[in-house]
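**Q** generate a structure from the sequence data that follows.
(one chain, ligands or ions: 1)
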Amino acid sequence: MSAEDKEDKTETACRICGYDDGDQVFDEYGVPQYVICPCCYSESGIGDDNVSQVREVRGYWVATGAPWHDPSFRPADWDLLEQLANIPPQWR
Ligand SMILES: [Zn+2]
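**A** Numbering: from 1, shown residues only. Presented below is the predicted three-dimensional model:
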């Protein structure tokens, strides 16, 4: 058996908004770590396990002005589109 059998499923970017501070939101087995995003206020593992739901939550968040749950985490030069680009392709 090769290394390909052990695919690393680690995700550090929020599936909803792309916020990524390097902490795992899903571990190497794809198990959610239930991390609350300081940006969009989603929790990994809650309502983000299928792409249509992810898109719906993201659409609502963007439509309401992409508010930060905890603005103290917001970088001074924050760029919404740049952050959205962090979202893993399968969750876009
Ligand atoms: Zn988020």
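**Q** where does this structure dip in pLDDT?
**A** 1-5 (pLDDT under 70).
**Q** up against the ion, what does it have?
**A** By the rule C-beta under 5 Å from the ion, the part of the chain lying against the ion is 14, 16, 17, 19, 37, 39, 40, 42. Backbone N, C-alpha and C define where each C-beta goes, glycine included.
**Q** tell me, what residue is most central in the chain?
**A** The centroid of the chain falls nearest to residue 14 when counting by C-alpha atoms, centre = their mean (1.0 Å).
**Q** hmm, that residue is touching residue 38, no?
**A** No: at 9.3 Å, residue 14 does not count as touching residue 38 under the criterion of C-beta atoms under 8 Å.
**Q** which helix is the longest one in this structure?
**A** helix 51-63 (DSSP state H).
**Q** tell me the helix or strand right after it.
**A** helix 80-84 (DSSP states H and E).
**Q** report the buried residues of that following helix.
**A** By 16 or more other C-beta atoms under 10 Å, the buried positions in helix 80-84 come out as 83, 84.
**Q** and the contacts of that helix?
**A** Helix 80-84 is contacted by residues 17, 18, 19, 20, 39, 62, 66 when judged by C-beta atoms under 8 Å, 6 or more residues apart in numbering.
**Q** reformat those into JSON lines and put secondary structure and neighbour count next to each item.
**A** Below are the contacts of helix 80-84 laid out as JSON lines (DSSP: H, G, I helix; E, B strand; the rest coil; neighbours: other C-beta atoms under 10 Å):
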{"residue": "17", "secondary structure": "coil", "neighbour count": "25"}
{"residue": "18", "secondary structure": "coil", "neighbour count": "22"}
{"residue": "19", "secondary structure": "coil", "neighbour count": "23"}
{"residue": "20", "secondary structure": "strand", "neighbour count": "16"}
{"residue": "39", "secondary structure": "coil", "neighbour count": "24"}
{"residue": "62", "secondary structure": "helix", "neighbour count": "15"}
{"residue": "66", "secondary structure": "coil", "neighbour count": "15"}
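**Q** please identify which of these is nearest to the ion.
**A** Closest approach to the ion among the contacts of helix 80-84 (C-beta to the ion): residue 17, at 3.4 Å.
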